[in-house]
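A.B. asks: Sequence and computational prediction follow.
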Amino acid sequence: MKINNLYLTLIITFFLGCLISNAQLNINKTENITSLIKKKREFNKRHGTGFRIQIYNGVESRARSLKIKFEKKFRGVYTKLNYIAPEWKVQVGNYLNRLDADRELNKIREEFPSAIIIPL
């Protein structure tokens, strides 16, 4: 009888030890995931994230006129006139993923056929 109680105690102790060590392993995994998410957010702040649609790349006068034309046609969409030597760029929208940018690109290409998607 004492041997059975001893075996039972050992088995219960073994299973409880396994459960406790598994619980600690899950906590470490959660901490690792949280750490990775924090690193990804910092990376995105430094390098940007998302997409824009570029409708023009060239001389300043044409860029300004196309920006005005776009703002009249697509009210409420963010527009940006950007100068990167030696060309002016008209970029529109702020899209978090490529799918949203592609949907808008189809609409914009009806008026601006040379529009392209660029990553931020």
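C.D. replies: Thanks, I have the structure now. Residues are numbered from 1 along each chain as shown.

A.B. asks: For the rest of this, base every contact and every neighbour count on C-alpha atoms.
C.D. replies: Fine.

A.B. asks: how long is stretch 47-61 from one end to the other?
C.D. replies: 30 Å (Cα to Cα, to the nearest Å).

A.B. asks: chain center to it: distance?
C.D. replies: 18 Å (Cα atoms, centre = their mean, to the nearest Å).

A.B. asks: Contacts for it, please.
C.D. replies: If you take Cα atoms under 8 Å, 6 or more residues apart in numbering as the criterion, stretch 47-61 is touched by 63, 66, 87-98, 101, 105, 112, 114-120.

A.B. asks: What average pLDDT does that stretch get?
C.D. replies: Over the span of stretch 47-61, the pLDDT mean works out to 90.

A.B. asks: just the helices in this structure please.
C.D. replies: In the chain, the helices defined using DSSP state H lie at 2-47, 60-73, 98-108.

A.B. asks: pull the helix or strand with minimum mean pLDDT from the protein.
C.D. replies: For the chain, the helix or strand with the lowest mean confidence is helix 2-47, at a mean of 71 (criterion: mean pLDDT, DSSP states H and E).

A.B. asks: what separates Lys45 from Leu120, distance-wise?
C.D. replies: Counting by Cα to Cα, the gap from Lys45 to Leu120 is 11 Å.

A.B. asks: ok, now Thr79?
C.D. replies: As judged by Cα to Cα, Thr79 and Leu120 stand 14 Å apart.

A.B. asks: So which of Lys45 and Leu120 has more stuff around it?
C.D. replies: The neighbour count for Lys45 versus Leu120, taken as other Cα atoms under 10 Å, is higher for Leu120 (13 against 9).

A.B. asks: could you list every residue that touches that one?
C.D. replies: So Leu120 contacts His47, Gly48, Thr49, Gly50, Phe51, Arg52 (Cα under 8 Å, 6+ apart).

A.B. asks: May I see the buried residues of stretch 91-109?
C.D. replies: Residues of stretch 91-109 classed as buried by neighbour count (16 or more other Cα atoms under 10 Å): Gln91, Val92, Gly93, Asn94, Tyr95, Ala101, Asp102, Leu105, Ile108.

A.B. asks: Format these as JSON lines; extra columns: distance to Ile37 and pLDDT.
C.D. replies: What follows is the buried residues of stretch 91-109, written out as JSON lines (distance: Cα to Cα, whole Å; pLDDT from 0 to 100):
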{"residue": "Gln91", "distance to Ile37": "29", "pLDDT": "97"}
{"residue": "Val92", "distance to Ile37": "28", "pLDDT": "97"}
{"residue": "Gly93", "distance to Ile37": "26", "pLDDT": "95"}
{"residue": "Asn94", "distance to Ile37": "22", "pLDDT": "92"}
{"residue": "Tyr95", "distance to Ile37": "20", "pLDDT": "92"}
{"residue": "Ala101", "distance to Ile37": "24", "pLDDT": "94"}
{"residue": "Asp102", "distance to Ile37": "27", "pLDDT": "95"}
{"residue": "Leu105", "distance to Ile37": "30", "pLDDT": "96"}
{"residue": "Ile108", "distance to Ile37": "34", "pLDDT": "95"}
